[in-house]
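Chemist: quick one: sequence plus predicted model below, questions after.
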2 protein chains.
Amino acid sequence: MLGEKLKELRESNGLVQRQVAAALGVDTAYVSKMENNDKPVSRAKLKSLAKFYHVTEKTLLPYWLAEKVLTVVHNEDCATDALKIVLTEIDKK
Amino acid sequence: MLGEKLKELRESNGLVQRQVAAALGVDTAYVSKMENNDKPVSRAKLKSLAKFYHVTEKTLLPYWLAEKVLTVVHNEDCATDALKIVLTEIDKK
DNA sequence: AGTACATTTGTCCTTTTAAGGACAAGAACA
DNA sequence: TGTTCTTGTCCTTAAAAGGACAAATGTACT
């Protein structure tokens, strides 16, 4: 979800993981894991990535949040119910 | 959300927090916080509570999960977008 | 087949943050 | 006043984040 986006962005900019890694100050393994949703992406890194790929952070944010939500509901069979409850709760306010 | 449910259940069973606290082996402050969503409710405690209130864990689970999701998206203005992304992602599978 | 580069996977370590819970003391209320 | 409920602070333990490194795998080229 977020990882896929990041990979798309990188490739559409004709970049290789090594370059992204350098820009973030981490190694390529780290980048790989972010792109495969194996490591969480911190808000700070999200910002750097957005800048590096020339998109606004705001574009990425929904996917970033979605990823976090997914890890919470992951493997719960009432996930859909729960999400709907949250949705109604949110626009009550 | 979950807290409200727990409080409703307790009151509809004519119980006071002290009794619930005893059943769970914690103090009343803890119970109060759970009912006010100030402390997370562990899965184990959810189970105990369900039994104690004579409802199935399955009834409570969606609210329990929803609460967790809420703490994740809490204060993010793209929360709704994120939730919708997760919903479509889930029933893709 | 062999090398060169890219990506992925797995393990490890350290630091930060969250859970779980006790206690004391302050409100509400009957 | 006594009981219930709430709030705040503190402590300890358990996870999760952040990240390095090595080794494996993939891919493309000649």
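Modeler: Looks like it came in fine.

Chemist: what's the burial count for residue A:87?
Modeler: 17 (other CB atoms under 10 Å in any protein chain shown). Where C-beta positions appear, they are placed from N, C-alpha and C, glycine not excepted.

Chemist: repeat for the one 3 residues further on
Modeler: Around residue A:90 there are 14 other residues, counting by other CB under 10 Å.

Chemist: can you tell me which residues contact it?
Modeler: Taking CB atoms under 8 Å, 6 or more residues apart in numbering or on different chains, we find residue A:90 in contact with B:73, B:79-80, B:83.

Chemist: select only the buried ones of those in PyMOL?
Modeler: Buried members of the contacts of residue A:90, defined by 16 or more other CB atoms under 10 Å in any protein chain shown, are picked up in PyMOL with:
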select buried, chain B and resi 73+79+83
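
Chemist: mind putting the contacts of residue A:90 into JSON lines with distance to residue B:59, secondary structure and pLDDT?
Modeler: Converted to JSON lines, those look like this (distance: CB to CB, whole Å; DSSP: H, G, I helix; E, B strand; the rest coil; pLDDT from 0 to 100):
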{"residue": "B:73", "distance to residue B:59": "23", "secondary structure": "helix", "pLDDT": "97"}
{"residue": "B:79", "distance to residue B:59": "25", "secondary structure": "helix", "pLDDT": "97"}
{"residue": "B:80", "distance to residue B:59": "26", "secondary structure": "helix", "pLDDT": "97"}
{"residue": "B:83", "distance to residue B:59": "22", "secondary structure": "helix", "pLDDT": "98"}
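
Chemist: out of the contacts of residue A:90, what pair is the most spread apart?
Modeler: Across these, the longest distance by CB to CB is 8.6 Å; it joins B:73 and B:80.

Chemist: returning to what we had before: I'd like the contacts of residue A:90 laid out as CSV, including distance to residue B:38.
Modeler: What follows is those, written out as CSV (distance: CB to CB, whole Å):
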residue, distance to residue B:38
B:73, 18
B:79, 21
B:80, 25
B:83, 23
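
Chemist: of the contacts of residue A:90, which ones also sit close to DNA strand C?
Modeler: Filtering those for proximity to DNA strand C (criterion: CB under 7 Å from any atom of the strand) leaves nothing.

Chemist: between the contacts of residue A:90, which sits nearest DNA strand D?
Modeler: For these, the residue nearest DNA strand D by CB to the nearest atom of the strand is residue B:73; the value is 14.3 Å.
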